[in-house]
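*Asks:* how would this look folded up:
(chains A and B)
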2 protein chains.
Amino acid sequence: MYIDLTQTFTDSMPVYPGDEQSHLTHVNFFESDKYNNYKIISGMHVGTHIDGPMHLTNSPLFLSDINLDSFIGKGCLIDVAGQKKIRWDESYNQIIQEGFIVLIYTGHSRHFGSPEYLKDYPDMDPAFAEKLIDLKVKMVGIDTLSPDFAPHEIHKMLLSNHILIAENLTNLEKLININSFEVIALPLKVKADSGPARIIARVLS
Amino acid sequence: MYIDLTQTFTDSMPVYPGDEQSHLTHVNFFESDKYNNYKIISGMHVGTHIDGPMHLTNSPLFLSDINLDSFIGKGCLIDVAGQKKIRWDESYNQIIQEGFIVLIYTGHSRHFGSPEYLKDYPDMDPAFAEKLIDLKVKMVGIDTLSPDFAPHEIHKMLLSNHILIAENLTNLEKLININSFEVIALPLKVKADSGPARIIARVLS
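*Replies:* Reported below is the predicted structural model:
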């Protein structure tokens, strides 16, 4: 069984505050053109996407250079719903293992599409990011715009330590009672800093 | 072990003849803006992508409506390298099973990026498509622009029978000696007819 953790990419969906509006426009029509086609105009940080190291560090690695092993791995869910700050708890040592993809459920995705989504989301305490680096996880995913606010020190800590960041996830609550799952987080193979992605969980048990 | 079957999406990569040129442009720069970002402008049929039913039929289903089970499955490789026409051979009955994702290796991807890629690719005999429909495969993938030429009767046969079509694959030759593999072919969750995708093989044995 699969669970889709991806927001649907639609025309004029919300973008990171200050970024250019994205578009997904119907440009060819079956009735008149004999086929349908759409045109996307978008930055790399719209909807569900993966931040690569080049986004906020001086890394020379494009997202298309990152090894496929970095995008797929055993997953775990850290439930911080209701908390204003994502703080480390010693119990997480029992949940997170080396090479895992760590999904952080804040519940904030229920606001997706409304102005509330774009502000006042919980951010990550630097001590939490330090633990993820110590534990050598592959990726962190979250159901908000970002694990931090400007100047994005959490991003820089994680990306400079080879930990990818998946943002704008949804449906994380569906993983709460799942014992074991794999995360398959495949971005487009774009020669860019970061890229839009399809991110799913495969339930193992 | 994973094998990437996806062409890298780069600025001004080749598009289907007659379609608008796509772009992937560096728009924000780490040194001046404190972050990197790129902007994509593209149709849905550029580079490695998946055609959904709405592309060439009057289906009301957007690509974002298609169940995740349709994108992942046991794979098999049909080697037709050197043939001008993709014809059915009775030996394929031993290779293709219900629910499989069938990859067709023509070798044409060696021309990707050159004018030869856009013309004279091998197309599929309708009897081959009929067999795929009879066998109820999930998806057909090919290392060319398309399994057919206009008016795209093969597309219409497959799509109207719930078989998705993956185009512009690469690296299929790496699967020739692989005994068993799974294909994970994840498109963006776009509310569009079709969409760009990351398509990979997971070697099982």
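*Asks:* quick one: buried residues of the lengthiest helix in chain A?
*Replies:* What stands out as the longest helix in chain A, according to DSSP state H, is helix A:126-134. Across helix A:126-134, burial judged by 16 or more other C-beta atoms under 10 Å in any protein chain shown covers A:F128, A:A129, A:K131, A:L132. (Each C-beta comes from the backbone N, C-alpha and C, glycine too.)
*Asks:* now the first one: closest residue in space that isn't a chain neighbour?
*Replies:* Taking C-beta to C-beta, 6 or more residues apart in numbering or on different chains, and ignoring the residues beside it in sequence, A:F128 has A:W88 as its nearest neighbour in space, at 4.5 Å.
*Asks:* residue contacts, the one you found?
*Replies:* A:W88 sits next to A:D125, A:A127, A:F128, A:K131 when contact means C-beta atoms under 8 Å, 6 or more residues apart in numbering or on different chains.
*Asks:* still on that earlier bit, quick check: mean pLDDT of the longest helix of chain A?
*Replies:* Per-residue pLDDT values across helix A:126-134 average out to 98.
*Asks:* give me the number of residues near A:A185?
*Replies:* With neighbours defined by other C-beta atoms under 10 Å in any protein chain shown, the count for A:A185 comes to 28.
*Asks:* for it, which non-adjacent residue is closest in space?
*Replies:* Skipping the residues right next to it in sequence, A:A185 comes nearest to A:I199 by C-beta to C-beta, 6+ apart, at 4.3 Å.
*Asks:* again with A:H162
*Replies:* The shortest distance from A:H162 to any residue other than its chain neighbours is 7.3 Å, reached at A:P53 (C-beta to C-beta, 6+ apart).
*Asks:* compute the distance between that neighbour and B:D11, please.
*Replies:* With the distance defined as C-beta to C-beta, to the nearest Å, A:P53 ends up 20 Å from B:D11.
*Asks:* hey, where'd the strands end up in chain A?
*Replies:* With DSSP state E, the ranges of strands along chain A come out as A:2-4, A:23-28, A:37-43, A:49-51, A:72-79, A:85-86, A:101-105, A:123-124, A:139-142, A:164-167, A:181-187, A:194-203.
*Asks:* run through the neighbouring helices and strands of the fourth one.
*Replies:* The one in question is strand A:49-51. Judged by 3 or more C-beta pairs under 8 Å, 6 or more residues apart in numbering or on different chains; DSSP states H and E, strand A:49-51 is in contact with strand A:164-167, strand A:181-187, strand A:194-203.
*Asks:* render the CA-only coordinates of the first one in PDB, please.
*Replies:* The C-alpha trace of strand A:164-167 is given here as PDB (Å, rounded to 0.1, in the frame of the first residue of the first chain):
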ATOM      1  CA  LEU A 164      18.300  16.800   1.900                       C
ATOM      2  CA  ILE A 165      15.100  18.700   2.900                       C
ATOM      3  CA  ALA A 166      11.600  17.900   1.600                       C
ATOM      4  CA  GLU A 167       9.000  20.600   2.100                       C
END
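*Asks:* what lines up beside that strand in the sheet?
*Replies:* Based on DSSP bridges, the strands next to strand A:164-167 in the sheet, each with its direction, are strand A:49-51 (antiparallel), strand A:139-142 (parallel).
*Asks:* which helix or strand in chain A has the lowest average pLDDT?
*Replies:* helix A:30-33 (a mean of 95; mean pLDDT, DSSP states H and E).
*Asks:* and that helix, does that touch chain B?
*Replies:* Yes. Using C-beta under 8 Å from any C-beta of the partner chain, a contact is recorded between helix A:30-33 and chain B, made by A:F30.
*Asks:* just the buried residues of that helix, please?
*Replies:* Of the residues in helix A:30-33, those buried under the neighbour-count criterion (16+ other C-beta under 10 Å) are A:F30.
*Asks:* just the C-alphas of it, formatted as PDB.
*Replies:* Taking Å, rounded to 0.1, in the frame of the first residue of the first chain, the C-alpha atoms of helix A:30-33 are listed here in PDB:
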ATOM      1  CA  PHE A  30      -8.300  17.800 -27.300                       C
ATOM      2  CA  GLU A  31     -11.300  19.200 -29.200                       C
ATOM      3  CA  SER A  32      -9.500  21.800 -31.300                       C
ATOM      4  CA  ASP A  33      -5.800  20.600 -31.300                       C
END
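*Asks:* for it, what is the distance to the chain centroid?
*Replies:* How far helix A:30-33 lies from its chain's middle: 36 Å, per C-alpha atoms, centre = their mean, to the nearest Å.
*Asks:* for stretch A:161-178, same thing?
*Replies:* Relative to the chain's own centre, stretch A:161-178 is displaced by 6 Å; criterion: C-alpha atoms, centre = their mean.
*Asks:* go on, stretch A:142-158?
*Replies:* Using C-alpha atoms, centre = their mean, the distance between the centre of stretch A:142-158 and that of its chain works out at 11 Å.
*Asks:* now for the spatially closest residue to A:P60 that is not a sequence neighbour: which residues touch it?
*Replies:* With sequence-adjacent residues excluded and distances taken as C-beta to C-beta, 6+ apart, A:P60 is closest to A:M54, at 7.4 Å. Contacts of A:M54 were listed using C-beta under 8 Å, 6+ apart, and they are A:P60, A:L61, A:F62, A:L63, A:A192, A:D193, A:S194, B:F30, B:N36.
*Asks:* and of these, the nearest to B:N179?
*Replies:* If you rank those by distance to B:N179 using C-beta to C-beta, A:L63 comes first, at 31.1 Å.
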